[in-house]
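*Asks:* what follows is a predicted structure for the sequence shown.
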Amino acid sequence: MTVRKVAWWSLAARPWKNGGGTTREIAVGPAGAGLETFDWRVSLADVDQPGPFSVFPGVDRLLVLTHGRGLILRGAHGARTLELPGDLAAFSGEDPLTSFLDDGPTRDFNLFWRRDWGKGTVRVVRVADEILLLPGTHILHAPGTARVVLRSGTQTESLGPGDSLTLQIDESAEITVAPGPGTFVVVASLEAHR
């Protein structure tokens, strides 16, 4: 298992693909890939004003609200409101979505993957839980604080607000995820097609 901690302070803010907001990239595969060449990408986005989301043809997306309330995503198939932190939305990258803010600025965790590359999933862990991670790439993100125990208790990682862990697992592994009081941990998993 390869583990890398990504501290919040190390994430540089960059413009969205369409320039409508800012994003902080946590991890990308392959390493160093750009917005047009990634197989998968994990990032945090700040939504400070209403406007269109960037379009990513051939990409599926999962979005988890991490800060703020009332992020509304409106598209051709209707509207979806993410009321509270931890709420999740799934959508296609080519869908023309426009965001609206019901209660001020928000921040969200984004998982992107190319359909022809593989598949991504997201779990939101709200209480201490033991999780089985299958071989592949996993990213854990803590909007608040968290404690993560790896490999049957032989390695412990403490995450501060906004910190993340990237895990590359060659064989199944059990980890314990313990969010701090009143918060949660986002667990994103990626697997290439075989």
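*Replies:* Looks like it came in fine.

*Asks:* break the protein down into its domains, please.
*Replies:* As assigned by automatic domain parsing, the chain contains the domains 11-117, 119-192.

*Asks:* which one of those domains lies closest to residue 1?
*Replies:* domain 119-192 (5.3 Å; CB to CB). Heads up, the C-betas are built off the backbone N, CA and C, glycines and all.

*Asks:* show the end-to-end separation of that closest one, please.
*Replies:* One end of domain 119-192 to the other measures 6 Å (CA to CA, to the nearest Å).

*Asks:* on that earlier part again, could you dump the domains of the chain into a markdown table and include mean pLDDT, distance to residue 1 and mean neighbour count?
*Replies:* Below are the domains of the chain laid out as a markdown table (pLDDT from 0 to 100; distance: least, CB to CB, whole Å; neighbours: other CB atoms under 10 Å):
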| stretch | mean pLDDT | distance to residue 1 | mean neighbour count |
| --- | --- | --- | --- |
| domain 11-117 | 93 | 15 | 17 |
| domain 119-192 | 94 | 5 | 17 |
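
*Asks:* so which of those domains is nearest residue 3?
*Replies:* Closest among those, using CB to CB: domain 119-192, at 5.7 Å.

*Asks:* about what we covered before: columns distance to residue 2 on top of the domains of the chain, output as CSV?
*Replies:* Formatted as CSV, the domains of the chain follow (distance: least, CB to CB, whole Å):
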stretch, distance to residue 2
domain 11-117, 12
domain 119-192, 4
